[in-house]
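Enquirer: Provided below are the primary sequence and the corresponding predicted coordinates.
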Amino acid sequence: MTLQAAAQNFVNDFNETYAQKHKAFEDQFWGTKMALSSTDYSTELLSSTKKEMEDLLSDPEILKKAKQFKEELKDDDDSNDNVMRCLNIIIRTCQCNAFPTPQAKQIREQTNQFEDTLSQKRNEMTTLGYTNDKGEFVQASSVGLRTTMRTASDEAVRKSAYTSLQSIGDFCLKEGFPEIVKLRNKLAKQVGYADYYDYTVTNAEGFGKERLFEILDGLEEGTRPLMVQARQQLQTEKGDSSIEPWNMGYAMAGSVVPKMDPYFPFSKSVENYMRSYAAMKISYCGATMTLDLLDRPKKYSNGFCHWPQCAWVQPNETFVPSQTNFTSLADPTAVGSGLTALNTLMHEAGHAAHFANIRQPSPLFSQERAPTSVAYAENQSMFLDSLVGDAAWRAKYARDVTGKVLPFEIIEEDVRSTHPYKVFALRAMLAVSYFEKALYELPEEQVTCDNILKLAEEIELKIQGGPSSRPLLSVPHIYSDEASCYYQGYTLAEMSVHQTREFFKQRDGHIVDNPKVGPTLTKAYWECGNSRPFLELVQELTGKELSGKAWIDALTTNVEDLVTSEKKEYEEMFQKCAEEKQDDDDDLDDVLQMTVRFVDGDEVIADSKDSGLYGACRKFETFVAGRVAAAKYQGYTLAEMSVHQTGEFFKQRDGHIIDNYDGAPKVLAYKRMTTKGICASKLKAMCAPIGAQRFLRKTASRLSTSNDDIHVPTPFWIPAVAAGSASIPLW
C-alpha cells in the first residue's frame, strides 16, 4: 500500500468513526434536552456517548498518526489535497480535545457527570412561575417569565416573574455549580492554560482572552456613555421605578407589544420563515430537520440547533446532507411570545442553513464545537434573525391571521419606544462575558455560592448600570459544557452582523427578499466551514477588519432619521407585495431543498415528505391553533368549545347568527339542524371523519340561542379530543 493510500484509509476510518460517535451523542443530547419519554435516552447514556466521542478526539495515537502522515506527505507532489486538509482538521480538533494526562481525562469525565446531573435537575424545576393578577400561581419557563416581564401590565406580576428568574441562580448554585467551576479550571490548568475561560476562547476563536478583551474593552468603553444616557432617559420619561429590573422591558415597549402581537401569530411563523429564506435563495442542500418549537414542562429552557449528522463530502464526491435538530420555546397563548419565538426560529434556522451548506471532506469541518469559532457560527444566525426587526420584512411577513399587514404606525411606535435603549442588549451581552471571565479568575477557595452571587451583582452594576432584567445566573449558557464561556461569540458576531448588513445595503440597496443574499453567504461564509478564520472571512466579504463601528453607528442613529428610512423601506415593500403575483407553493420545496418534521416532544405533528413544506406548515398551523383553543376553552365540554368557535366564525364572517340563512340553498341534501336557519352541513361534513357528530346537534341547537361575544383568532378549529387526533379546520 502506498503512503497516499494509507493516509486516505486513515482519514476515511476516522471520518466514519467520528460521524457514528457524534450521532450517538447528539441523539442522546436531543432526547434528554427535549425530555422524551423513551428509555433509549438518559443522562447516563448522554455522559457515556459524550465520553466515547471525546475519547476518540483525545486519543493521542490518532493525533500522533495524523501528524506523522502530514509530515511524510508534505513534500509529496502527488499527495491528495483533500487528504492533507483532513489531516489538518483532525490535528486541530484533537489538539482542542487533548487531555495530556490521565488526571486531566478523569477531571473531564467527572465534570461531564456533574454538568449532566445539574442540567437534568434544572430542566425538572417545578417552582418556576409567577403569581398573576388574580393571585394564582402560573407555572412558566424562563422564556415565559421574561415574556411576562415585558407584557404584564401589573407591576406585582412582573416582579413575581423576576423573582422566579432569580431563583434559577440560587437553585443551580446549591445543586453544584461551584464544583463545576472548580473542575473546569483544574482541567484548563492541566492542559496548560491560565483558566477555563482562556482555554475555551483560545480553542474556539484561535486567540486568547487577553486579545478578546482588547476588543471587548473597546466596545465596553465606547458604549458606556450611551448606556448611562439611556438609563437616565428611561428614568426621566417613565419614572424612577422604570429602571427596576422587572420594569425595564415593560417601560420600553410594554404598550406596543400587545399591539404588535396579533401580527406575529406563531402558528404562521414557520411558513413566514420559509418564505423569507426562500426569497433570499437560501438552500438546505437536502437536509432533514426536526423542529420542536413549543414550550412545555421539563423541556430545555433555551433554543438551540445541533446536528446528529454533519454535512460533508465523502472521498467518492458523494455529498452527505445534514440532519438537524432545533428548538424554540413558543407559548402561542402568551402575548408577545409569538415575536420572541419567531426570532428564535429565524436564528436557529440560520444555524441550520449555515451548517447544511458546508462542503468539506470531513464532518469535523461542520461540527459546532472547537475549533469552530463561536463568533463564526453565531454571525450567520444573528444576521438572519435581524431581518425580523426590519420594517421591510414586517411589511411583507407581519400579518394577522386574516392577512392584514402590521400598520407602519405601530412600527413607528416600536422604533420610538425601543431604539434609544438598544444599547441595553449590547451591554447585556458584554455582562455575561465579563462575569465568566471574572468567575474563572477567582482563586479556588473563593469559588463559593455567596461569592458567585456577589460577583454577578457586581458585574451587573458595572456593565449594565444596575440589576439586570435577565439575571446573569439565569443565563443557561454558563451551566452548559457546550455553551459556557460562549457569550463573547454573540458580541463578536453582532459586530459582524452590522458590518455584513452594511455591506449588503451598500452593494444591493436592500436585504429583505434579496435573492443575492443566500448565494453570497454560501460562498463567502458557509461552504468553507471552520477551515478559515472568522476574522478573515468578515474582512474578505465586507472589505473591512471587524470592528464595532457599524454597530455603534446603528445605536447612535437619530430616531427621526431611523423612522424616515424605515418608513421608506416599509412603503417600498408594501407596494412590491401589492404588485407581485402570489407565491407558488411548489417553489418552497424547490428552493429550500429540505425535509422538515414538526414535533412536540414525542408527538410528530407533520412531516413534509408526506405533504410538502406548505402542507406541513398547514398541519403545524392547525396544531398550534388547537393548542390555543384548548388553552382558551380549558374546562369547556367539546360541545361548548364548538359553540363558541363556530359562533364566532359566523359573527365575524356575516356579522350575526340569528336569522342567518346564508348558504341554505346549497345544502338541500342535508337536514337543517337549527331552528333559526344556520346550515350545519359544512360542520357535519368536516367533523364526520373524526367521529365528532355526536355533539354536533347540541352545538347547532345551542348556536340558535347563543349571544356570546367571544373573540377567537381565525381560522377556527374544533379540537378533536374525542378521536385523539390533532385539530381540523372547519372552513
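Expert: That came through, no problem.
Enquirer: list the buried residues of the helix or strand where Cys617 lies.
Expert: Following DSSP states H and E, one finds Cys617 within helix 608-632. With burial defined by 16 or more other CB atoms under 10 Å, the residues of helix 608-632 counted as buried are 608, 612-614, 616-630, 632. The C-beta positions use only the backbone N, C-alpha and C, and glycine is treated the same way.
Enquirer: ok, now stretch 518-530?
Expert: Per 16+ other CB under 10 Å, stretch 518-530 contains these buried residues: Gly518, Thr520, Leu521, Thr522, Ala524, Tyr525, Trp526, Cys528, Gly529, Asn530.
Enquirer: cool, stretch 291-306 as well?
Expert: Those buried within stretch 291-306 under the rule 16+ other CB under 10 Å are 291-295, 299-306.
Enquirer: format those residues as JSON lines; extra columns: distance to Ser142.
Expert: Supplementary listing: the buried residues of stretch 291-306 in JSON lines, determined by distance: CB to CB, whole Å:
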{"residue": "Leu291", "distance to Ser142": "20"}
{"residue": "Asp292", "distance to Ser142": "17"}
{"residue": "Leu293", "distance to Ser142": "16"}
{"residue": "Leu294", "distance to Ser142": "15"}
{"residue": "Asp295", "distance to Ser142": "10"}
{"residue": "Lys299", "distance to Ser142": "11"}
{"residue": "Tyr300", "distance to Ser142": "10"}
{"residue": "Ser301", "distance to Ser142": "5"}
{"residue": "Asn302", "distance to Ser142": "8"}
{"residue": "Gly303", "distance to Ser142": "11"}
{"residue": "Phe304", "distance to Ser142": "14"}
{"residue": "Cys305", "distance to Ser142": "19"}
{"residue": "His306", "distance to Ser142": "20"}
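Enquirer: now, among these, which is nearest to Leu145?
Expert: Ser301 (9.6 Å; CB to CB).
Enquirer: what's the neighbour count on the residue nearest to the closest one when sequence neighbours are not counted?
Expert: Distance criterion CB to CB, 6 or more residues apart in numbering; nearest residue to Ser301, sequence neighbours excluded, is Ser142 at 4.6 Å. Ser142 has 22 neighbours, counted by other CB atoms under 10 Å.
Enquirer: give me phi/psi at Ser142?
Expert: The phi and psi values for Ser142, taken as degrees, to the nearest 10, are phi -60, psi -40.
Enquirer: look up how far Met149 lies from it.
Expert: Plainly put, Ser142 is 11 Å away from Met149 if you go by CB to CB, to the nearest Å.
Enquirer: what residues are shared contacts of the two?
Expert: Counting by CB atoms under 8 Å, 6 or more residues apart in numbering, the shared contacts of Ser142 and Met149 are Leu165.
Enquirer: in helices, which of the buried residues of stretch 518-530 fall?
Expert: The helices, defined by DSSP state H, take in Gly518, Thr520, Leu521 from the buried residues of stretch 518-530.
Enquirer: cross-check the contact I'm expecting between the last one and Ser381.
Expert: No - applying CB atoms under 8 Å, one finds Leu521 not in contact with Ser381, separated by 11.2 Å.
Enquirer: which neighbours do these two share?
Expert: His354.
Enquirer: coming back round to it: from the ones in helices among the buried residues of stretch 518-530, which is closest to Leu87?
Expert: For those, the closest approach to Leu87 (CB to CB) belongs to Leu521, at 28.3 Å.
Enquirer: what's near enough to touch that closest one?
Expert: Taking CB under 8 Å, 6+ apart, we find Leu521 in contact with Ile282, His354, Gln380, Phe383.
Enquirer: need the pLDDT of it.
Expert: Per-residue pLDDT puts Leu521 at 98.
Enquirer: ditto for Asp584
Expert: Here the pLDDT value assigned to Asp584 is 53.
Enquirer: please apply the same query to Ile718.
Expert: At Ile718, pLDDT is 37.
Enquirer: okay, now the unreliable bits of this structure?
Expert: 582-586, 634-652, 658-731 (pLDDT under 70).
Enquirer: for it, which segments count as strands?
Expert: Taking DSSP state E as the test, the strands found in the chain are 129-131, 137-139, 287-294, 304-309, 312-313, 319-320, 323-330, 594-600, 603-607, 717-718, 728-729.
Enquirer: closest one to Gly466 among the ones you listed?
Expert: Nearest of the strands of the chain to Gly466, taken as CB to CB: strand 129-131 at 21.4 Å.
Enquirer: adjacent strands (with direction) for the closest one?
Expert: Partners of strand 129-131 in the sheet, by DSSP bridges, are strand 137-139 (antiparallel).
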